[in-house]
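Colleague: Got a predicted model here, sequence first, then my questions.
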Amino acid sequence: MTEIHYQIVQHDGGWAYKVGDVFSETFRSHDDALAAAKDASSRQELAGETQGIVYQDRSGEWHEEIAKGDDRPHADVVDRS
């Protein structure tokens with residue numbers, strides 16, 4: 001099973017959550033960033049519909065594939081601050 005970790009970090013004069021190398025918007029408080037990360041991580045695990053998707057990888061190549069709606073990753077929040 002794939003795992004996704006939402007990490008709470010200081011960012012741009014406030015707080016944000018980070019997934020991989022991508023930051024969320026900046027929040028005024030740690031608690032606001034934590035609440036947003038918990039909300040996002042819980043929605044990440046919700047099943048959806050099976051459908052076709054198109055995406056571009058880091059090298060700029062486009063891919064098409066079928067995304068199964070019930071193939072959801074485990075998501076959690078890491079708060080070491």
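Modeller: The structure has been received and is ready for your questions. Numbering: from 1, shown residues only.

Colleague: ok, longest strand in the protein?
Modeller: Using DSSP state E to define each element, the chain has its longest strand at strand 3-11.

Colleague: What is the subsequent helix or strand relative to that strand?
Modeller: The helix or strand immediately downstream of strand 3-11 is strand 14-19, counting by DSSP states H and E.

Colleague: Can you read off the pLDDT for the most centrally placed residue in the chain?
Modeller: The chain has residue 19 as the residue nearest its centroid, 5.2 Å off, counting by Cα atoms, centre = their mean. On the pLDDT scale, residue 19 is placed at 93.

Colleague: How many neighbouring residues does the residue nearest to it when sequence neighbours are not counted have?
Modeller: What sits nearest to residue 19 in space, not counting adjacent residues and going by Cβ to Cβ, 6 or more residues apart in numbering, is residue 6, at 5.7 Å. Quick note: C-beta positions are derived from backbone N, CA and C, even for glycine. Other residues near residue 6 number 22, with proximity taken as other Cβ atoms under 10 Å.

Colleague: so where do the helices sit in this structure?
Modeller: Ranges of helices in the chain, per DSSP state H, are 30-44.

Colleague: any idea how far the residue of it positioned farthest from its centre lies from residue 43?
Modeller: The centre of the chain is farthest from one residue, residue 61, which by Cα atoms, centre = their mean lies 22.0 Å away. Going from residue 61 to residue 43 by Cβ to Cβ, to the nearest Å gives 28 Å.
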